[in-house]
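Engineer: mind folding the following:
(chains A and B)
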Amino acid sequence: MLKNKILEDYLKASLTEEEINLINGIDINDLGFDYDLFGMNKEWLIVAYGIVKLLYQRYFRVESNDVQNVPVKGRVILASNHSGAIPIDGSMILMDVLTNLKPPRLIRAIVDNFAYAMPYVGMFFSRVGQVVGHRKNFEVLLENDEGILVFPGGTRDIGRLFKDRYKPEKFNVGFIELSLIHKAPIVPVAVVGAEEQLPTIKRWEALGKLAGSPFFPVTPQFMFGGPLTNFLPFPSKYHIYYGEPLEYYKFFSEDTVENPEMVTTLAADVRSKVVELIERGLKERKGVFY
Amino acid sequence: MPYSKKRNVLITGVTSTLGRQLARLLYYDKRVGYILGVSKDDRPFYFDDFSHSRFQYMQVDLTKPRQLNNLFYSNIFKDYNINSVIHMAFLNKPTDVGEKSHELNVVGTKMLIDKCLETKQIKKFIFKSSYVVYKVKAHNPVLLDEETELNFDKDAPQWLRDRVDAELICRTKMDNPDMGITVLRFSNIIGRNIHSRMNAYFNSKIAYTIAGFDPNVNLIHPRDALYAIQLVLHKDVKGVYNISGRDTAPLHVFLELNRVKRKAVLEPLIKTIYDFKKKIGSTEFDFESGRDNLKFPVLMDNQKAEKTFGYYPKHHVEFG
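Structural biologist: Next comes the predicted model:
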């Protein structure tokens, strides 16, 4: 699968039998060739698990709080703040739910559209179960009773400057509409620690366009080796918090999606829950790196 | 429309592999009264075992107005009350470019559909389209429904633009109350002797893939494609429908199943390789018109066809 067989073997060997069984136990809705509709494959998941595990356990030393708030089955939308210049926070949330929720479940994250145009990047995301941020994709997944992770603050949120850290952008409303239409609970999620991994001091848009992304986040690491070291994250400690599931669909009908004011209010409500969790996390953590 | 009556069918492009198989399928379909097969080729030997009471062959070049008139004013056409048309006459190889291809694929379609409307005898017109009409984008949804944006890119290869134009000609006539027009967009039809872009790709000894891309593709068995046409022929449906096959997997899986060696090449180099291969005649695959399909998935949502006329793919594609 990987071109580098030694690396592949190493990654597989780094996993315990229990971890391999955990991934093999995930139901991937196989279309008959070991791949699902989105291109996800268990072999790739095992390799990705090997990589992310190192980051999750050793580098960012993720601390999980209240993961039991994520329903173990059925459709669900996880809505999180997005930070840290590169989307490591997404993979940490997925890993956290996969390893700490009993029984484990694989959440599908929504990836920024531009990533899929990049060679290898888009393919890798597909193989490990991530999907293009398109409404139809969410609908297919939710109707299939899967869980999805969204970042309603979007690219603006991950591109926030360090001086604005822990102030999530205004949430887009798409996930509220999906929740109401497909009757999926929303679990607010807060990630504390990602803001400090790559503090963005400037958004360089011209350079970003060259690389096919909306901007190039310039971090302090840029000083050491330019673009080569720009994305080497500091080992800040991650704390992930999960709020109580929000079941707006029990109180608001599907027709509410026709009411932009109400939908915006609900999106703001989810954002406020995320902010509460962030504040709790900031209060509880003892330091950025421990 | 009197749907209780038997269907008397005109099949254009009947000498193509799919056309020939369709003629055979309908020949044994008791709900079909009479079949008139047309193509610009001489009458092929394989229709010799068909009884004249059920099947007739006419040599017609759809791009020639006089020949088209002769067809529509012929005794067979009137006596057997031809009331349905299945239009499958296309130059399907992406290497078929130039005026000849445009004449048949676009002008031929327009003349045929105009003639059908003029006679008022045709109650059903089925147009075989394909997934290539969709605009391929990195951020397309995993399943494309019939409302997805089409490829109107003016820089697209002529063959692709012609396919879109031909379909649009049909769609502009869809409001006509006298004739129900159905456009069926098939995914990659894979089978022996079928001329299609992906068939050409899978028939290579070495398939060059674009490094860093391995999209999911959907393949349809010819029998499922013909079954969809047969369903539409007998049911009161019109409009545009996606018709996908049973098999969906990343491109490399199907190449391996077909025992095709694959080599990943950087995107700027792959065009040069395929241009060279085409020049020396070692491939029929046209990279320029298939570039995006080697990068991004184009999977079509079958739901509308499932709900409207009960189409479900049944057969796995056969390789090797």
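
Engineer: in contact with B:His316, which residues?
Structural biologist: B:His316 makes contacts with B:221, B:246-247, as judged by CB atoms under 8 Å, 6 or more residues apart in numbering or on different chains. All C-beta spots, glycine's among them, are computed from the backbone N, C-alpha and C.

Engineer: of the residues you listed, which are in range of chain A?
Structural biologist: On the criterion CB under 8 Å from any CB of the partner chain, B:Asp247 are the entries of the contacts of B:His316 that sit beside chain A.

Engineer: can you say which of the contacts of B:His316 are buried?
Structural biologist: Buried members of the contacts of B:His316, scored by 16 or more other CB atoms under 10 Å in any protein chain shown, are B:221, B:246-247.

Engineer: where along the chain do the strands fall?
Structural biologist: In the absence of a named chain, chain A is used. A:63-65, A:76-80, A:107-111, A:131-132, A:147-150, A:186-192, A:202-204, A:216-218, A:239-242 (DSSP state E).

Engineer: my question was about chain B, not that one.
Structural biologist: B:7-12, B:32-39, B:55-59, B:84-87, B:124-130, B:180-186, B:188-189, B:206-210, B:216-220, B:239-243, B:247-250, B:261-265.

Engineer: please enumerate residues in contact with the shortest one?
Structural biologist: Outside strand B:188-189, the residues that touch it by CB under 8 Å, 6+ apart are B:18, B:131, B:196-199, B:217-222, B:225, B:245.

Engineer: so which of these comes closest to B:Met174?
Structural biologist: Relative to B:Met174, the closest of those is B:Tyr131; by CB to CB it sits at 19.8 Å.

Engineer: burial count for that closest one?
Structural biologist: 24 (other CB atoms under 10 Å in any protein chain shown).

Engineer: ok, it touching B:Val298?
Structural biologist: Yes. Between B:Tyr131 and B:Val298 there is a contact at 5.2 Å, judged by CB atoms under 8 Å.

Engineer: what residues are shared contacts of the two?
Structural biologist: With CB under 8 Å, 6+ apart as the test, B:Tyr131 and B:Val298 both reach B:144, B:187, B:218.

Engineer: with neighbour count and pLDDT added, can I get those residues in TSV?
Structural biologist: Formatted as TSV, these follow (neighbours: other CB atoms under 10 Å in any protein chain shown; pLDDT from 0 to 100):
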residue	neighbour count	pLDDT
B:Leu144	22	97
B:Ser187	26	96
B:Asn218	25	97
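
Engineer: return the distance of the residue in the stretch 151-300 of chain B that chain A sits nearest to relative to A:Gly122.
Structural biologist: Nearest residue of the stretch 151-300 of chain B to chain A: B:Gly212, at 2.4 Å (CB to the nearest CB). Using CB to CB, to the nearest Å, we find B:Gly212 at a distance of 8 Å from A:Gly122.

Engineer: rewinding a little: contacting residues around the residue of the stretch 151-300 of chain B closest to chain A?
Structural biologist: A:118-123, B:264.

Engineer: out of the residues you listed, which comes closest to A:Pro199?
Structural biologist: A:Val121 (23.3 Å).

Engineer: name the nearest residue to the closest one, sequence neighbours excluded.
Structural biologist: Distance criterion CB to CB, 6 or more residues apart in numbering or on different chains; nearest residue to A:Val121, sequence neighbours excluded, is A:Ala115 at 5.3 Å.

Engineer: show me what contacts that neighbour?
Structural biologist: Contacts of A:Ala115 (CB under 8 Å, 6+ apart): A:121-122, A:125.

Engineer: which residues in the stretch 51-200 of chain A form helices?
Structural biologist: Under the criterion DSSP state H, counting those that start in this stretch, helices of the stretch 51-200 of chain A are mapped to A:88-100, A:121-127, A:135-143, A:154-158, A:174-182.

Engineer: now do the buried residues in the longest helix seen in chain A.
Structural biologist: Criterion DSSP state H: the longest helix present in chain A is helix A:260-284. Buried residues in helix A:260-284, counting neighbours by 16+ other CB under 10 Å, are found at A:262-263, A:266-267, A:269-271, A:273-275, A:277-278, A:280-281.
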